[in-house]
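Q: no FASTA, just this:
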């Protein structure tokens, strides 16, 4: 059994174990005899152990640490962040289009400055 899979047989057996407990309590002779009390105790413990094991497995599932409200808040925060990033990208694209002509003049100016600071070699 991998860490990510659940033993479905455990969960399927819970109803049968509960039914067994209920049947033992509803018998016509009841739980007055020591054998009936022992059978009920065994069935109850078996059911309780299965429930605890199922809870442990369910609690160990990845991603189960957040309730739906917390998940919705994180999703809303991420959507807001995404929208802001899209706005910034759109602003950068507009600025790049506007400054496209000025960019080539700036490059030429930087080239001249670079040449002026380079020592002369024969």
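A: Everything's here; your move. Predicted, not measured: the structure shown is a model, and the values here were computed from it.

Q: I'd like the distance from the helix ranked longest in the chain to the chain centre, please.
A: Across the chain, the longest stretch assigned as helix under DSSP state H is helix 68-98. On the basis of CA atoms, centre = their mean, to the nearest Å, helix 68-98 is displaced by 21 Å from the centre of the chain it belongs to.

Q: find the least confident helix or strand in the protein, judged by mean pLDDT.
A: helix 100-116 (a mean of 56; mean pLDDT, DSSP states H and E).

Q: where does pLDDT dip in this protein?
A: Under the criterion of pLDDT under 70, the regions of the chain flagged as low confidence span 1-5, 63-64, 99-122.

Q: now residue 36. Nearest residue, chain neighbours left out?
A: When the adjacent residues along the chain are set aside, residue 36 lies closest to residue 29, with 6.4 Å between them (CB to CB, 6 or more residues apart in numbering). No exception for glycine: its C-beta is placed from N, CA and C like everyone else's.

Q: okay, now that neighbour: neighbour count?
A: Taking other CB atoms under 10 Å as the criterion, the count of residues near residue 29 is 8.

Q: wait, it touches residue 35, no?
A: No: counting by CB atoms under 8 Å, no contact exists between residue 29 and residue 35, whose distance comes to 9.6 Å.

Q: ok, back up a step: and the residue nearest to residue 36, how far from residue 49?
A: Residue 29 sits 26 Å away from residue 49 when distances are taken as CB to CB, to the nearest Å.

Q: please apply the same query to residue 79.
A: 44 Å.

Q: please apply the same query to residue 15.
A: Looking at residue 15 against residue 49, where the rule is CB to CB, the gap reads 15 Å.

Q: picking up where we left off before, sec struct for the residue nearest to residue 36, please.
A: coil (DSSP: H, G, I helix; E, B strand; the rest coil).

Q: which phi and psi values does it adopt?
A: Per-residue torsions, residue 29: phi -80, psi -10 (degrees, to the nearest 10).

Q: if I look at it, how far off is residue 18?
A: The separation that residue 29 has from residue 18, given CB to CB, amounts to 21 Å.
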